[in-house]
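**Q** Curious how this folds, go ahead:
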Amino acid sequence: MAVACAPETPTTEARLQAFMDAVHDSTGFSGAVVVTRWGVPVFEGGWGLANRDEGEPFTPDTPTDGASLAKTFVAAGLRHLQAEGHLDLDDPVQRFVPAFPHRGTTLRHLLEHSAGLAELDDATGLTNEEEVAALDTVPLFEPGSRFAYCNECFDVLALVTERVTGSPWESFLRERFLEPLGMDGVFLRPARFADWSGVRTRGYRLVDGVVMDADAADDEPFYGSSNLYLSARDMARWGTAMIDGSVGAAVAGDEVRARPRFPTGETSALDGGNWFRVGEGPAYFDGHLAGFHGVIYHDHTSGLVVAWTSNTLGARPQELQLTRALVRVAETGRGEGVPRFDARGLAADEDPAAIEGVYRLPGIGAVGVEWADGFARVSIDDGPAHDAYPATGFYLPDLGVEMGFTEKDDGRYRRLHWLTLFDSVAGLRIDP
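**A** Residues are numbered from 1 along each chain as shown. Next up, the predicted model:
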């Protein structure tokens, strides 16, 4: 049941309520939404159950797995420590973690996802120190030369934070951010579920109307890339801090809002605080792990923050679609529903040539898709290539894009669909 809380206008609150009730009724959505402007509550509500076995209702204060949202806290902490002179982002990682295997890698390379660390096959049971010991001795590419989304990078940075401050990472966060901002529902999860205190929010997935278990993994002692739990209300406060400067100029200033540029000519879609950003406008970041989803959207020009979390949403494109719709209702009072992402990726038995080619997308350009070494590689107007990872369709983390294909004809797809929080376009193949 949603709770009325000083809406901007009755229409805005009523339409947000009606929209989310419709989402819940049509999709089985379980989760919570909090919308604020300049820190003032506009709307909040909870739907469904956080734990179906215990009958625990989902509310705006329900802590849930934030997944990659933890990375924004790592980035903020590093920025604070740099501003205070405790470190420089161009310092070598080995200065703080001597066991780190790559001599030429800097803190900036880790922070900007350009360190070239190979993903670990399985980090179950590994501490942050043990992850460092398990890293390949040679990077995949020259550090700093290009973007490749990196979870282990942020686990290493959390370890760096501990080495610099002499405090556990969670204690550092609590002192610097959580207590000053009133984010008292945030905590680092126990590695083992058996050590959990109270009712734990569980992850699910709805498949053809049937609830399937899609929970987080047990025995995860690492942190920095994930494993931070927070509520929709905490998420909204974190987004507001990025707007009003209460998190500090070192975290929310113009320098941090700038997006890194690499020698390839590629500009990351992630800014210096690990937020997806287009131009000088709004920013967002999302967390997605097993059945858990969460998004924080913040606009420093309008003051709008939209934060939501769910344990049933399903496919990742719906994160972008739901956030787009909530922002639209909050800004204009008009809803657009939650459209389906019907585009697809490449089936296991399909020839990769089915998706290869050049597609003309309005407002985006000529998007080239090729298959190399078992992966799709995507370029815009013959620019640098971006890795595309199989998901509902394909996910391009350095661009914040969900990409998929429809209209297969004579063994090849004719139409490419391109979805971000800021764009939803499709275009036809233009090569022969």
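**Q** how long is stretch 302-317 from one end to the other?
**A** Stretch 302-317 has an end-to-end distance of 25 Å (Cα to Cα, to the nearest Å).
**Q** Buried by neighbour count: which residues of it qualify?
**A** Applying a neighbour-count criterion of 16 or more other Cβ atoms under 10 Å, the buried positions in stretch 302-317 are 304-317. Where you see a C-beta, it was placed from the backbone N, CA and C, and this is true even at glycine.
**Q** Just those residues: which are in strands?
**A** Among these, the members found in strands (DSSP state E) are 304, 305, 306, 307, 308, 309, 310.
**Q** Among these, which pair sits farthest apart?
**A** Within these, two members stand farthest from each other by Cβ to Cβ: 304 and 310, at 19.9 Å.
**Q** After the longest helix along the chain, which helix or strand is next?
**A** In the chain, taking DSSP state H as the definition, the longest helix is helix 10-27. Remark: after helix 10-27, the chain's next helix or strand is strand 31-37, criterion DSSP states H and E.
**Q** ok, that next one: who's next to it in the sheet?
**A** Strand 31-37 has the following strand partners under DSSP bridges: strand 40-47 (antiparallel), strand 304-310 (antiparallel).
**Q** TSV please, covering those strands and showing mean pLDDT.
**A** Output for those, formatted as TSV (pLDDT from 0 to 100):
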stretch	mean pLDDT
strand 40-47	97
strand 304-310	98
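**Q** Which of those strands sits closest to residue 422?
**A** Closest to residue 422 of those is strand 304-310 (Cβ to Cβ; 13.6 Å).
**Q** Please list the residues outside the closest one that contact it.
**A** 29-37, 62, 64, 66, 231-233, 235-236, 238-240, 243, 282, 292-299, 322-323, 326-327, 330-331 (Cβ atoms under 8 Å, 6 or more residues apart in numbering).
**Q** Among those, name the ones in helices.
**A** Among those, the members that lie in helices (by DSSP H) are 232-233, 235-236, 238-240, 243, 322-323, 326-327, 330-331.
**Q** Just the closest of these to residue 197, please.
**A** residue 233 (19.9 Å).
**Q** thinking that closest one is in contact with residue 185, fair?
**A** Yes: counting by Cβ atoms under 8 Å, residue 233 touches residue 185, with 6.9 Å between them.
**Q** What are the buried residues along the helix or strand of the chain with the lowest mean pLDDT?
**A** Taking mean pLDDT, DSSP states H and E as the measure, the helix or strand of the chain with the lowest value is helix 249-252, at a mean of 83. Residues of helix 249-252 classed as buried by neighbour count (16+ other Cβ under 10 Å): 250, 251, 252.
**Q** what do you get for stretch 237-252?
**A** For stretch 237-252, by 16+ other Cβ under 10 Å, it's 237, 238, 239, 240, 241, 242, 243, 247, 248, 250, 251, 252.
**Q** again, but for stretch 344-354
**A** Across stretch 344-354, burial judged by 16+ other Cβ under 10 Å covers 344, 345, 346, 354.
**Q** Tabulate those residues (CSV), appending pLDDT.
**A** Converted to CSV, the buried residues of stretch 344-354 look like this (pLDDT from 0 to 100):
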residue, pLDDT
344, 91
345, 92
346, 91
354, 96
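**Q** for those residues, which one is nearest residue 163?
**A** Distances from residue 163 to the buried residues of stretch 344-354, taken by Cβ to Cβ, are shortest for residue 345, at 40.5 Å.
**Q** Is the closest one in contact with residue 395, as I believe?
**A** No: here residue 345 does not reach residue 395: they are 9.3 Å apart, not a contact under Cβ under 8 Å.
**Q** helices or strands up against the helix or strand just after the least confident helix or strand of the chain?
**A** Helices and strands here follow DSSP H and E; after helix 249-252, the next one along the chain is helix 254-257. Contacts defined by 3 or more Cβ pairs under 8 Å, 6 or more residues apart in numbering; DSSP states H and E place helix 254-257 against no helix or strand at all.
**Q** Any idea how far helix 254-257 is from the middle of the chain?
**A** Computed by Cα atoms, centre = their mean, to the nearest Å, the chain-centroid distance of helix 254-257 equals 19 Å.
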